[in-house]
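J.: Quick one: sequence plus predicted model below, questions after.
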Amino acid sequence: MADVFEVLRADHGDVRLLLAALESSPGHAAGASQQVLKARKLAAERLVVDSTRHEAAEQEYFWPAVRERLGDGGKLADEASAQEQEGLEALARLDQLEPDDDEFDELLAELIPAARRHIEFEETRVWPPLRQALSPFQAHELGDKIREATERATARPEPRGAARPKGRRSAGSAADAAGKLNTAATRRRTAS
């Protein structure tokens, strides 16, 4: 049984893996092969799915706990929620683009550092005081709720307030998608 911080750390690890693979692989403007572009699209789809489900679970359980347990929890939750909303809007746009569209690479160039900043915000500004405010039992209970909510959450970003039907799921894990992209990009470099 994992506590909330272990559950969220695993999710953040998957996102970091995808961000690194997308950042280190060549985009359309850099002359990426069709194989690399296809792998970039799959990695981006996995990022959309994983991030959307993660943020939905946080909105349902994590941020309400932060608001309830921390004196400045409302302020922290509001700041994080604003970051998440911007991220979801960018992911929704990214999901509609093809990897040979220049906007795909431009959007990733904005999204990658913003996602890293958001993860750092959570891990350094929110987790330490929340860790102190929760008992081990409460931390495990919250971890279970977030894991279950992530599993049932929609897989596609929707505008705030819109109905959230179950979305399609990309096959494979974040590690699979990042690995395929890294392999495709490595093949491209060695073939050059």
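T.: Yes, it's here.
J.: so who does the residue nearest to residue 122 when sequence neighbours are not counted touch?
T.: In space, and not counting its chain neighbours, residue 122 is closest to residue 80: 6.3 Å by C-beta to C-beta, 6 or more residues apart in numbering. All C-beta atoms are positioned from the backbone trio N, CA, C, and that covers glycine. By C-beta atoms under 8 Å, 6 or more residues apart in numbering, the contact set of residue 80 is 58, 63, 66, 118, 121, 122, 126.
J.: any idea how far the residue positioned nearest the centre of the chain lies from residue 35?
T.: Residue closest to the average C-alpha location in the chain (C-alpha atoms, centre = their mean): residue 51, at 2.9 Å. According to C-beta to C-beta, to the nearest Å, residue 51 and residue 35 sit 24 Å apart.
J.: can you check residue 15 too?
T.: Residue 15 is 24 Å from residue 35, by C-beta to C-beta.
J.: ok, now residue 9?
T.: Applying C-beta to C-beta to residue 9 and residue 35 gives a distance of 32 Å.
J.: ok, which stretches of the protein are helices?
T.: In the chain, the segments counted as helices under DSSP state H are 4-24, 34-57, 63-69, 73-96, 102-121, 127-133, 136-152, 174-191.
J.: Give me whichever of the ones you listed is most buried.
T.: helix 34-57 (a mean of 22; mean count of other C-beta atoms under 10 Å).
J.: the bottom helix or strand of the protein by mean pLDDT?
T.: helix 174-191 (a mean of 63; mean pLDDT, DSSP states H and E).
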